[in-house]
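S.K.: how would this look folded up:
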Amino acid sequence: MFYYPEVLRRHTGCFGTIWLAATCSSRLLRREYMGVDVPRVCATLLSFVQGRGLGSAAPPPPGFGPPRCSLYLAALLQLGLARVYRRQCGHLLEEVSLTLERLHRARPPPNIDVSPPRR
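M.R.: Below you'll find the predicted structure:
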């Protein structure tokens, strides 16, 4: 086996959310997308692909060396990470747009009519 199944578990694995984002993104909720720390997961994924282990994410089972990864799994995890980042940016853009729209509606429009003596 090219990976440990523990790293792909949904709630306890360090790559569970990005694995689900790569394979079946319709099952994830907004809070699961927003709960991913993209820079930390990138660093963990890089060390996982290079075979240096998972750092502090999950120790390997006893009797095994550092976890290894197939190129297919690495590509899927990178795809999932890109999808998670895209969704996070989309949610941020949506929140900013809604906030600007609310601010625009809350403030009355300026009076731009010129008074008759100043015409």
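
S.K.: in the helix or strand harbouring residue 48, what's buried?
M.R.: Using DSSP states H and E, residue 48 falls within helix 38-49. Along helix 38-49, these residues count as buried under the neighbour rule (16 or more other CB atoms under 10 Å): 41, 44-45, 47-49. All C-beta atoms are positioned from the backbone trio N, CA, C, and that covers glycine.

S.K.: now the helices for the protein?
M.R.: Along the chain, counting by DSSP state H, helices occupy 16-23, 30-34, 38-49, 71-106.

S.K.: Single out the most deeply packed of the ones you listed.
M.R.: helix 16-23 (a mean of 20; mean count of other CB atoms under 10 Å).

S.K.: Just want the most central residue of the protein.
M.R.: residue 84 (3.2 Å; CA atoms, centre = their mean).

S.K.: Distance check, that residue against residue 104.
M.R.: 31 Å (CB to CB, to the nearest Å).

S.K.: Kindly report the same for residue 8.
M.R.: 44 Å.

S.K.: who's in contact with residue 19?
M.R.: 8, 13, 76-77, 80 (CB atoms under 8 Å, 6 or more residues apart in numbering).

S.K.: Could you pull up the contacting residues of residue 85?
M.R.: Residue 85 neighbours (CB under 8 Å, 6+ apart): residue 38.

S.K.: Look up how far residue 34 lies from it.
M.R.: Distance from residue 85 to residue 34, by CB to CB: 11 Å.

S.K.: number of nearby residues for residue 50?
M.R.: If you count neighbours by other CB atoms under 10 Å, residue 50 ends up with 12.

S.K.: Looking at the contacts of residue 19, spot the one nearest residue 97.
M.R.: residue 80 (25.8 Å; CB to CB).
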